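Participant: Make a model of this:
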Amino acid sequence: MFGYTNEMHFRDMMSNSLQERSKYISGITPGYIENLGLPSNSRTSDAGSSSIRSALVESNTLTPSVKPKPTAKEASTSKEASTNIQHRYEAPFNLFAMNWSLRKDENKRFRLAVASCRDPDQVGQPNHKSQAEMVQIVQLQQEKSSFDVLADFQHSYSANKIVWIPDIQGAYPDLLATSGDYLRVWKVKNGGGQGEKDTIEMAIILQNSHNAMSPDGKQSLPLTSFDWNQADPSILVTCSLDNSCTVWTLETGQAIATNKSMSATVQTQLVAHDNHVYDVAFTHHSSGNRDMFASVGDEGSVRQFDLRNLVQSTVLYQEPHDRPLVRLAYAKQQTNCLAFFAENADQVIVLDIRMPNSPLAHLRGHSGNVNAMSWAAHSENHLVSVGDDQQVLIWDIQQVAARPTAGPILSYTAAGPVNNVAWSELQPEWIAVVHDNSLELLRVE
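Facilitator: Next comes the predicted model:
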């Protein structure tokens, strides 16, 4: 079983540093979740390409537990909702990293990228052709409830994060980035039709030459995460076990658009924490601020940085028992809120950055380790968290802030530990999750 219990032993595994990269993993089942108050014009569109191996979970095979939004007097009361819309794709390998495409093109709204992850006991070992890690680009054909594999390609090591270029208007080439041993940026070129797959080209591998080496001196310490600046897609930031964050500037232009060349430069590398850095995130583009990012690390702190003055940082939160903090995410509609959680923790902490070290809310509802979370793009108050307890929990932050004992407004019980979750930005009624070898789409209304 994957999860932070097996993945977060960084301090004990430095002799095999690449094994430490895989800090994220998944597990769940699909369903139809109601009563989130989504915009009435938030409706899906059809997508399609060539048919391939896929699987649809039939409604009568599901055993979900869905809790509609409670009334003030019945905050803990729940009832089962209908499950007549759900989709599942079964990959030929276990899945971990996953994310939605951010292109508005009608034929790309249901496009996602997924990446394989071998058994944790093998992560970090040299790959052979028979066990190479893979990345797939898949797309839902909604009318057929089936998925097409638009492209697949090998990845040197298991990717711990995948992010599509945040280019909603299509001004940049169609790019996809993955992190693991290095940060890799890939170009996606549409197939020629008639069942022809998309082609994937390696655009660039980003490696800071100053990265610290692993104890055996054979390789740079791996990246643990990265983020793509939504306000300026030419900027990315990575974090690493070498205690640093590195800000990259992609050199973009016509040369990229014609598939000829791509380059990148290190804008800044800074020692962000006293020990390993586990996650990094820019503020969302809705904040109107392209310069702020935050990171979390092994010593249990949340630190915020400003690209305009990287000499200093602000400690927003210090974990009372110095437990490592492993994930964070800025709210997408609320410029002052971010969420994070600790290693082996069963709760998510939400912080108003205007009040450092004074959490706005503790989201307590999981009975096992939290593995991932994602903010809603359509609302400043909603966040979804997933964990080893098989739960997908949707929270109203304002409600929990006003009443600390409040539970999630919606929940869904998956078939296994949930390793990853992503709430679609372009289609806020859809949440994607992965577990075992399955990618599943849950509809939320």
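Participant: For beta bridges, what are the partners of R327?
Facilitator: F341 (DSSP bridges).
Participant: How about the contacts made by it?
Facilitator: 278-279, 296, 340-341, 370, 372-373 (C-beta atoms under 8 Å, 6 or more residues apart in numbering). The way it works is simple: take the backbone N, C-alpha and C, and place the C-beta from them, glycine included.
Participant: And the host helix or strand of V311, what's buried?
Facilitator: According to DSSP states H and E, V311 maps onto strand 309-318. Buried residues in strand 309-318, counted by 16 or more other C-beta atoms under 10 Å: 310, 313, 316-317.
Participant: for stretch 283-297, same thing?
Facilitator: For stretch 283-297, by 16+ other C-beta under 10 Å, it's 283-287, 291-297.
Participant: okay, among the residues you listed, which ones form the most distant pair?
Facilitator: Taking C-beta to C-beta, the two most distant members of those are S286 and G297; they sit 26.2 Å apart.
Participant: rewinding a little: what's the strand holding V311 in contact with?
Facilitator: Outside strand 309-318, the residues touching it (C-beta under 8 Å, 6+ apart) are 247, 268, 270, 272, 294, 300-306, 325, 338, 340, 349, 351, 353, 356-357, 359.
Participant: if we go to 7 Å?
Facilitator: 268, 270, 294, 300-305, 351, 353, 356-357 (C-beta atoms under 7 Å, 6 or more residues apart in numbering).
Participant: Could you tell me whether Q398 really is in a strand?
Facilitator: No: judged by DSSP: H, G, I helix; E, B strand; the rest coil, Q398 forms no part of a strand; its state is helix.
Participant: That one contacts N381, correct?
Facilitator: Yes: when contacts are counted by C-beta atoms under 7 Å, Q398 is listed as touching N381 (4.7 Å).
Participant: Please identify which of these two sits among more neighbours.
Facilitator: In this view Q398 and N381 are compared by other C-beta atoms under 10 Å, and N381 has more residues nearby, 19 against 16.
Participant: mind listing what the more buried one touches?
Facilitator: Counted by C-beta under 7 Å, 6+ apart, N381 has contacts 396-398.
Participant: Likewise for V188?
Facilitator: V188 touches 137, 151, 174, 176, 198, 200, counting by C-beta under 7 Å, 6+ apart.
Participant: separation between it and A203?
Facilitator: According to C-beta to C-beta, to the nearest Å, V188 and A203 sit 10 Å apart.
Participant: How much space separates R290 from A231?
Facilitator: 3 Å.
Participant: Q142 now?
Facilitator: For Q142 relative to A231 (C-beta to C-beta), the value is 31 Å.
Participant: try F282
Facilitator: F282 is 8 Å from A231, by C-beta to C-beta.
Participant: quick one, which of these two is more surrounded?
Facilitator: Neighbours were counted for F282 and for A231 using other C-beta under 10 Å; F282 has more, 26 against 17.
Participant: Run through the bridge partners of the more buried one.
Facilitator: Bridge pairing for F282 - DSSP bridges - gives F293.
Participant: residue contacts, it?
Facilitator: 227, 229-230, 237, 293.
Participant: and if you look at A339?
Facilitator: 328-329, 348-350, 373, 383.
Participant: Can I get the buried part of the residues you listed as one PyMOL selection?
Facilitator: Selecting the buried subset of these in PyMOL, with 16+ other C-beta under 10 Å as the burial test, is done by:
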select buried, resi 328+329+348+349+350+373+383
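Participant: pLDDT at W228, what is it?
Facilitator: We note a pLDDT of 96 for W228 in this prediction.
Participant: Surely it and L236 touch.
Facilitator: Yes: using C-beta under 7 Å, W228 is in contact with L236, at 5.3 Å.
Participant: overlap in contacts of the two?
Facilitator: In contact with both W228 and L236: A177, using C-beta under 7 Å, 6+ apart.
Participant: Comparing those two, which shows the higher neighbour count?
Facilitator: Counted by other C-beta under 10 Å, W228 and L236 do not tie: L236 has more neighbours, with 26 against 22.
Participant: nearest residue to that one other than its sequence neighbours?
Facilitator: Nearest residue to L236, sequence neighbours excluded (C-beta to C-beta, 6 or more residues apart in numbering): W248, at 4.7 Å.
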